[in-house]
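1. Please work out how this folds:
(chains A and B)
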Amino acid sequence: QVHLVQSGPEVKKPGASVKVSCKASGYTFTSYGINWVRQAPGQGLEWMGWINPYNGHTNYAQKFQGRVTMTTDTSTSTAYMELRSLRSDDTAVYYCARRIGEPYFDYWGQGTLVTVSS
Amino acid sequence: QSVLTQPPSVSAAPGQKVTISCSGSSANIGNNYVSWYQQLPGTAPKLLIYDNNKRPSGIPDRFSGSKSGTSATLAITGLQTGDEADYYCGTWDNSLTADVFGGGTKLTV
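-> Below you'll find the model as predicted:
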């Protein structure tokens, strides 16, 4: 049974960085990509990028280029998303999701609330 | 402003049918597969439809998807109060080289 379990909520000050983790289980971690999607309060889904755990290749949304880094640790089947230079409008729930096929996202983590406030 | 355009809200009575549209362009829907996601209040999105019209295991056949040209449609028949949720379409955009979502549609039953 596939599970993606994310780290707990974070509160950060403007200008700080946050690193969210996503631990995968129930499948071969290196066989599927991991996407990161965020959702600001009351807003829609926003794709941030994805990483291929097999080779570490990343593809970031232009909006986040230079501010986001996605990595994986294949020894623990865990993906990480670090966002730097946080602003108040980065306050959102951050989701990881398994990437498959053409593509689509078939399993999602439970979400991690990141609050940016002074 | 989302790359894919969805109506902000739709509503219908229990037992009725509703459709949710998702409009894009040749850079995205016109040349790629579309997926649909259901987000119940306070929960993570859930895959409903992939590859335009396929249902994952466990998704009832009340949910169906279709695509024509640069638009896609999600249809839900036999509406239940438990279907009240936000629905999002998604696809790949060849020009942006990015995954894109619609702005979401709130379904009221």
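
2. Let me know whether the top strand by length along chain B sits next to chain A.
-> Longest strand in chain B, counting residues (DSSP state E): strand B:85-93. Yes: Strand B:85-93 comes into contact with chain A when judged by Cβ under 8 Å from any Cβ of the partner chain, the residues involved being B:86, B:88, B:90, B:92. Backbone N, C-alpha and C define where each C-beta goes, glycine included.

3. which residues pair with the last one across the strands?
-> In this case it means residue B:92. Legend: beta-bridge partners of residue B:92 under DSSP bridges are residue B:99.

4. I figured it was touching residue A:104, is that so?
-> No: using Cβ atoms under 8 Å, residue B:92 is not in contact with residue A:104, being 9.5 Å away.

5. Which one's more surrounded, these two?
-> Counting neighbours by other Cβ atoms under 10 Å in any protein chain shown for residue B:92 and for residue A:104 shows that residue A:104 has the greater number, 25 against 21.

6. follow-up on the earlier one: between residue B:92 and residue A:104, which contacts overlap?
-> residue B:33 (Cβ atoms under 8 Å, 6 or more residues apart in numbering or on different chains).

7. Let me know the closest of the residues of strand B:85-93 next to chain A to chain A.
-> If you rank the residues of strand B:85-93 next to chain A by distance to chain A using Cβ to the nearest Cβ, residue B:88 comes first, at 5.5 Å.

8. Now do the same contact list for the closest one.
-> When contacts are counted by Cβ under 8 Å, 6+ apart, residue B:88 is found next to A:44-45, B:6, B:36-37, B:39, B:45, B:101-102, B:104-105.

9. Thanks again, I'm all set now.
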